[in-house]
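Participant: Quick one, structure for this:
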Amino acid sequence: KLTGTISENLRNLQFLEVLNMKTNHFNGTIPKGMGDMPDLRYMWLDNNEITGTMPVLTAAQVARLEEVTASNNMLHGSVPMSLEVPENLELRLSKIDLSHNHLTGTLSNLLGYLHTIKYLDFSNNMFTGTIFPTIEYMTKLEVVRMNDNLLEGAIPKFPHNSKTLQLQGNDLSGDFD
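Facilitator: This next block holds a predicted model:
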C-alpha cells in the first residue's frame, strides 16, 4: 500500500485519463488543480485517510469527468460547486460517491442540473437541510444513497427510473410521488 500525501505534481500528467488511488494510506488533502488535468475522466480516491475539504468543482471539470469517488476518507466541510454550465457543454459525469466522510452543510440545488448522473452517494456524512428539489431533473439517476445524514423535510420527487433509494437515518417526511 502506498503512503504519504498526494503529490501536487500529478496535475502535470496532462494525458492522464484514469487516476486510481483507491485503498492506500494516503493522507493530507486533495491537491488543488487535480480536476484541471485535461484528459482526466476517472478520479478514484476511495479508502484512504484523506482530510481537508473538497476542491471546488467547476463546469469545465465536471464536463470532462465521468466518475469522482472519494468515499471512506476523512473529508470535511461542504461540497462546493461553481457551475454555470453553458447549454452547449456536453456532460459526461455519471457517478459521484462521497460517502463515509465527515461532510457537512446543505446539498446544492445545482446538483440537480447534472442530468447525466446515474449514481449519487452522499451517505454516512453529516449533511443538513433538505434533499435538493432539483433532484427530479436528474433523469438518468438510478441509485440514490443519502442515508445516515441529518437531512430533514419533505421527500422530493425522484426521477421515475430510480432503482435504489436509500434515505434511512434522516428526518424526512411525506410520500413518494
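Participant: can we go C-alpha only for contacts and neighbour counts from here?
Facilitator: Noted.
Participant: could you list every residue that touches the nearest residue to L57 once chain neighbours are set aside?
Facilitator: Distances taken as CA to CA, 6 or more residues apart in numbering place M81 nearest to L57, at 5.2 Å, with adjacent residues excluded. Residues in contact with M81, defined by CA atoms under 8 Å, 6 or more residues apart in numbering, are V56, L57, T58, S108, L110.
Participant: Just give me the neighbour total for the second one.
Facilitator: So the one you mean is L57. Residues lying near L57 (other CA atoms under 10 Å) number 15.
Participant: Next: the last one.
Facilitator: By other CA under 10 Å, 15 other residues sit near L110.
Participant: Could you tell me the phi and psi values at it?
Facilitator: Torsion angles at L110 (phi, psi; degrees, to the nearest 10) stand at phi -60, psi -30.
Participant: again with the third one
Facilitator: Dihedral angles of T58 (phi, psi; degrees, to the nearest 10) stand at phi -90, psi 170.
Participant: Kindly state the beta-bridge partners for it.
Facilitator: Legend: beta-bridge partners of T58 under DSSP bridges are S82.
Participant: For the chain, name the helix or strand with the lowest mean pLDDT.
Facilitator: strand 81-82 (a mean of 70; mean pLDDT, DSSP states H and E).
Participant: Tell me how far the residue nearest to N161 when sequence neighbours are not counted lies from D36.
Facilitator: Of all residues not flanking N161 in the chain, E142 sits nearest, at 6.1 Å (CA to CA, 6+ apart). Using CA to CA, to the nearest Å, E142 is found at 28 Å from D36.
Participant: How about T3?
Facilitator: 24 Å.
Participant: out of those two, which sits in the more crowded spot?
Facilitator: A direct count of neighbours by other CA under 10 Å for T3 and D36 places D36 higher, at 18 against 11.
Participant: ok, that one to A63 distance?
Facilitator: Here the criterion is CA to CA. By it, D36 lies 11 Å from A63.
Participant: re the thing from before, reformat the contacts of M81 into TSV and put distance to D148 next to each item.
Facilitator: Output for the contacts of M81, formatted as TSV (distance: CA to CA, whole Å):
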residue	distance to D148
V56	24
L57	24
T58	27
S108	18
L110	22
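Participant: List just the nearest of those residues to M138.
Facilitator: L110 (10.8 Å; CA to CA).
Participant: show me the contacts for L111.
Facilitator: Counted by CA under 8 Å, 6+ apart, L111 has contacts F132, T134, I135.
Participant: List just the nearest of those residues to D121.
Facilitator: I135 (12.9 Å).
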